[in-house]
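Participant: need a 3D model of the sequence below.
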Amino acid sequence: MITTGINANNINANMPRLNGAQLKPISSGGTQADRAQALTGGAPSAAKSFGDVFSEALMRDSQLSFSAHAQKRMASRGIKLNASDYSRLESAQAKLAMKGSKEALVMLDDKAFLVSVKNKTVITALDKSEVKQNVFTNIDGAVIA
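Facilitator: Sure, this is the predicted structure:
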């Protein structure tokens with residue numbers, strides 16, 4: 001008998017154990033929502049529209065982040081951004097950064113965003129009616145994107 005000096009009883013002793021509840025089999029049957037639910041371990045995402053899920057994914061994958069305040073303002077004011085809007089907003093932030101701006105106003109069609117350029121974060125969002133009523137202070141740049 002050849003021995004290697006390894007105790008076979010202790011090989012898996014330091015390995016983390018997976019709880020059986022964490023493992024979810026994925027079957028080939030069922031609907032796409034069922035398979036998505038099995039993958040994520042959550043409830044079906046039928047409650048959200050495709051546009052909402054897409055917007056959330058864009059915000060998550062964006063180089064530009066949105067503060068909690070900005071997200072609340074966007075939701076309460078019904079401000080939605082598509083892929084083109086995100087691209088224009090990121091491009092405006094990049095231009096402002098190249099010019100050395102720190103806090104700026106970005107006008108995007110009938111919406112306005114206050115952006116912390118150095119932190120790459122949208123601080124707040126305003127819709128068309130609020131843009132007309134506000135005075136913007138403590139900014140060192142502005143872009144009409």
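
Participant: which other helices and strands does the longest helix along the chain contact?
Facilitator: The longest helix of the chain (DSSP state H) is helix 83-98. Counting contacts by 3 or more CB pairs under 8 Å, 6 or more residues apart in numbering; DSSP states H and E, helix 83-98 packs against helix 50-61, strand 103-108, strand 111-116, strand 141-144. Bear in mind the C-beta positions are built from the backbone N, C-alpha and C, glycine included.

Participant: for Q133, which of these is the nearest?
Facilitator: Within these, the stretch nearest Q133 is strand 111-116; the backing value is 11.1 Å (CB to CB).

Participant: direction included, what does the closest one pair against?
Facilitator: strand 103-108 (antiparallel), strand 121-126 (antiparallel) (DSSP bridges).

Participant: dump the ones you listed into JSON lines; add mean pLDDT and distance to A47 as well.
Facilitator: Listed next are the strands paired with strand 111-116 as JSON lines, based on pLDDT from 0 to 100; distance: least, CB to CB, whole Å:
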{"stretch": "strand 103-108", "mean pLDDT": "95", "distance to A47": "28"}
{"stretch": "strand 121-126", "mean pLDDT": "94", "distance to A47": "24"}
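
Participant: any chance of these in JSON lines, plus mean neighbour count and distance to K48?
Facilitator: As requested, those are exported to JSON lines (neighbours: other CB atoms under 10 Å; distance: least, CB to CB, whole Å):
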{"stretch": "strand 103-108", "mean neighbour count": "20", "distance to K48": "24"}
{"stretch": "strand 121-126", "mean neighbour count": "20", "distance to K48": "20"}
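
Participant: of those, which approaches G141 most closely?
Facilitator: Per CB to CB, nearest to G141 of the strands paired with strand 111-116: strand 103-108, 3.8 Å.

Participant: now the protein, which segments are flagged as low pLDDT?
Facilitator: Low-confidence segments of the chain (pLDDT under 70): 1-46, 54-62.

Participant: beta partners of F113?
Facilitator: Where F113 sits in a bridge, its partners, by DSSP bridges, are V106, A125.

Participant: was I right to think it contacts R88?
Facilitator: No. With contacts counted by CB atoms under 8 Å, F113 stays clear of R88, the gap being 10.4 Å.
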